[in-house]
Every structure is written in C-alpha cells, then in structure tokens.
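**Q** dropping the sequence and predicted coords here.
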Amino acid sequence: ATLITPREVYLEALRYHAVNLILIHNHPGGNPAPSKCDKEITERICQAGEMLGINLLDHIIIGDQRYVSFREQGLLDEYPVCRDCFMLLRKTYGIDLGSSSIKVYSFFKNKSYMEKNMIASKGRRIIAVGNEAYDMFEKAPANIVVNSPMAFGMIANLELQEIALYSMMKKIDHFLGIGSDMFFSVPLDMTAVEKRAYYHVANGHWLRQNRVYMVEAPIADAIAMGVDLNRNAGSMIVNIGAQSTQFSIITDGKIIIAKKIPIGGRQMNEAICSEIRKRYNLQIGTRTGKRLKIAMGRLNDQRREARKVVGIDGISGLPREEIISGYVVNAGIMNCVNEIAAEMKTFLERIPPQISYHISREGIYLAGGSTKIPYIDNYLASYTGVSFNLSPLYEKATVAGLEKIIRDHELMKWAQPVKQRKL
C-alpha cells in the first residue's frame, strides 16, 4: 500500500505555490521497477494536476544502485496530460530546410514562421542572414558572396546552414534553452553522412543538446493534405520545390517508389531569363525573372499582358528598358513544366496496375512553392491524363505535416529518432 495520496501531494504543492511537480521516492526492497500501485498514483496525480494547473514533470523511483524515471522510460506518454505539458515545456519545433526558404513550426507558440534560406558572407565574416541576405542577392559587390547553404534539397554547407537556422530560431525564441525536440523533414534515400549532417545542424556550435527526429518529406506532405496513411491502396505525392521535384508513391504507410529530378522554381526563373536574352537581347537577373513569373506566369490562360523591365543590353553593355510580353515568360515556364510532365508520365508507367488504378481514381496530390503558378494542375492533368489535387498550403505543406505529427501522438510513429554514432 502507498504511504502517500495525491491529496497530500497537492496540499503541499499549493502551500508552496508550485507550478510543476516531480515525485521522488524509494522502494525499500531495492527493486526500482514501477509497481501497479506506482502507475495508479501517477495517473491520479496527472488527473488532479490537470484540474489544479500543476504539471507532473517526472516520477522517479530509487532502488539499490539504480533508479527508474517514468519520463526517461516513456511511461508518462501513457497519460496525455503529462505528455502535452512536458512537450510544451521542452520546446518542440518542426523544421523544413528548403533550398529557397526555411520553414519552422513552434509548438510552444503554435505558429509557423518562414524566412529565406540565404547567407551573405565576406570571407569568414557573416554580413547578413535570411531575408536581409536575400535583399542583397544579385546586388552585392564581388567580394561579398550571397548564396543558399542548401542545394537541390540537400545540405551543401553544414556550417552556414547551422548559422541560418540558429539565426531564425533566435528570432522565434530569444531563449532557446537546452534539450529541444527538433523534427526535420528530410529527402528520401539519404546516405549516413547526409543524415549526420542534419544531426549536426541541431547539435553543432550554436545549437546544442537537441533531440533530432526525421520525417520523410513525402510522408509530411501526405499528412498535411489529409491522406490516410494506415489504410492506403496507393497515393502519389508530387512536390515541386525551388531546385528539385520529387515524385513518391505511398502504399500502406510506406514509400515504395520515388524519383527526384533537378527541376524547380529556380530553373524556371533561369529559363525565363534565357528566353528574354534570346528574343530581346537583354540580360536580366533571376530575381527579375521570378517577379515576371509571379506577375505574368499562366498556363492554359494566355492573357495579353506585358511588363516593363530594366536589364543590360547584350551588345552595348548599357542599361536598357524593354517591354516583355507574357507569351515569352510563359514559354520559359513551359520548357520546365513540360520536362516535369514528361518525367511524371514516365514515372506513372513504372507503377503496378492495381496502384495506378487507385491513383487515377483518387488523383495526384500536388504541393510545393512552385505550384503557385496559376493552372499548373490543369496543365499537368492534360499532359498526363490524371487529375490533380492541388494543396492550398503550397510551400508550407511540409511544415504543416510536421505540425500535425507533433500535435498528434498517434502520428509520432512516422518520426524516426536520430542519435549520433561514434565513428
């Protein structure tokens, strides 16, 4: 029989105006294994704490030479009240490191943030990070380098990526603390070295002692778009990002076929610049190409639009104004979209017939920042012969999937913990 009741525990807690509670006691027999009585009193204390607003952080049993912590053993996860309170205290984040931008979801603030994944540096000195660095892109002098630490969805510069993430995290929480949980969306088919890069981003020079979990990006996209992963006869997820496009087939919660091609939003911007250079003999930057893509980029809707831009004359080398037709902009975009559609059609031919039938009935799920181009879903549907379900979240689809995983304990099984291994 127990020598203490939840009533006595909380009388003392209220007397000292406690906010949190850690229960510690010993087993006289020397065996610290939790008994049935220990588990019952833990559950009763959790329920009482919910009414009084006092959270149970841990229940520790001391024995001979060792102890048992309910928190470390995961026993408190059986009680949703304790689990949610502790997650709120230890600061949990969902992080999507993209080639164009970083998206972070904070469980503590229940809010998502987005910032450009750019760094401006002069030698070993960091000049600007994030949106400030992007404002300098294609405008900085020759001795200042402005680029993204990610390339084609993978970490290209570990040190700079850690700085970019740390800078954004400090804007979200001025005091990061130690021991946060970080859920990263990661691409498929990563090597051990690439997985270790994600671990070191969260446990390097600036960010330390954080627990790292990895969620495959197509799984996060599927969860964000409401796909039932447990009972799934076959779903196709397509994510058109900044520098790459990912095709994935999910069946019964597993990715059975996947393919990645190096075509994305940046390649569309470069294609627009190339078309303008060929037709007008005018050189413009990729930022200008992106603005033209956003303003006039339309598929299956050829409006007579035009925009005035300033570029460098290809012959004289002097600045020159030119009125750019929307037809030229769409021609550049279609070059890339046609390549994506052709690769998608070839990919669909590799799918087993029974899965292909289910995908044709359900439709292909489409997400990613580059899907903001109007009518891109209709254009791809006319090319492939399969209907598309366009996500209204666009580039935030992946981080929205991470948010659902963090907030729903049943979805936690899709997050794989990562630990540092000694070489």
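**A** Received the coordinates, thanks.

**Q** thought Val19 was touching Asn55, still the case?
**A** Yes - counting by CB atoms under 8 Å, Val19 is a contact partner of Asn55 at 7.3 Å. Heads up, the C-betas are built off the backbone N, CA and C, glycines and all.

**Q** these two: which is more packed in?
**A** Each of Asn55 and Val19 has its neighbours counted (other CB atoms under 10 Å); Asn55 has more, 20 against 10.

**Q** give me the beta-bridge partners of the more buried one?
**A** Per DSSP bridges, the residues bridged to Asn55 are Asn20.

**Q** how about Val227: what's its closest non-neighbour residue?
**A** Nearest residue to Val227, sequence neighbours excluded (CB to CB, 6 or more residues apart in numbering): Ser235, at 5.2 Å.

**Q** got a list of what that neighbour touches?
**A** Ala222, Val227, Ile249, Ile250, Thr251, His358, Ile359, Glu362, Tyr365 (CB atoms under 8 Å, 6 or more residues apart in numbering).

**Q** name the helix or strand for the first one, please.
**A** Think Ala222. helix 217-224 (DSSP states H and E).

**Q** so what's the gap between the helix or strand following that helix and the chain middle?
**A** Where DSSP H and E defines the elements, the next helix or strand beyond helix 217-224 is strand 235-240. Chain-centre distance of strand 235-240: 15 Å, with CA atoms, centre = their mean, to the nearest Å.

**Q** all numbers from here: first residue = 191
**A** With 191 as the first residue, the last one maps to strand 425-430.

**Q** what's the angle between strand 425-430 and helix 407-414?
**A** With axes from the mean of the first three to the mean of the last three CA atoms, to 10 degrees applied, the angle from strand 425-430 to helix 407-414 works out at 110 degrees.

**Q** adjacent strands (with direction) for strand 425-430?
**A** The pairing partners recorded for strand 425-430 under DSSP bridges are strand 435-441 (antiparallel), strand 554-557 (parallel).

**Q** output these in JSON lines; the columns should cover mean pLDDT and mean neighbour count.
**A** Shown next, in JSON lines, are the strands paired with strand 425-430 (pLDDT from 0 to 100; neighbours: other CB atoms under 10 Å):
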{"stretch": "strand 435-441", "mean pLDDT": "95", "mean neighbour count": "23"}
{"stretch": "strand 554-557", "mean pLDDT": "96", "mean neighbour count": "25"}
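
**Q** helix/strand/coil for Ile453?
**A** coil (DSSP: H, G, I helix; E, B strand; the rest coil).

**Q** contacting residues for it?
**A** Ser434, Thr435, Cys526, Glu529, Ile530, Glu533.

**Q** give me the subset of these lying in strands.
**A** Thr435 (DSSP state E).

**Q** which of the contacts of Ile453 tops the neighbour count?
**A** Busiest of the contacts of Ile453 [other CB under 10 Å] is Thr435, holding 24 neighbours.

**Q** so what's that residue up against?
**A** By CB under 8 Å, 6+ apart, the neighbours of Thr435 are Val428, Asn429, Lys450, Ile451, Ile453, Gly454, Ile530, Glu533, Gly558.
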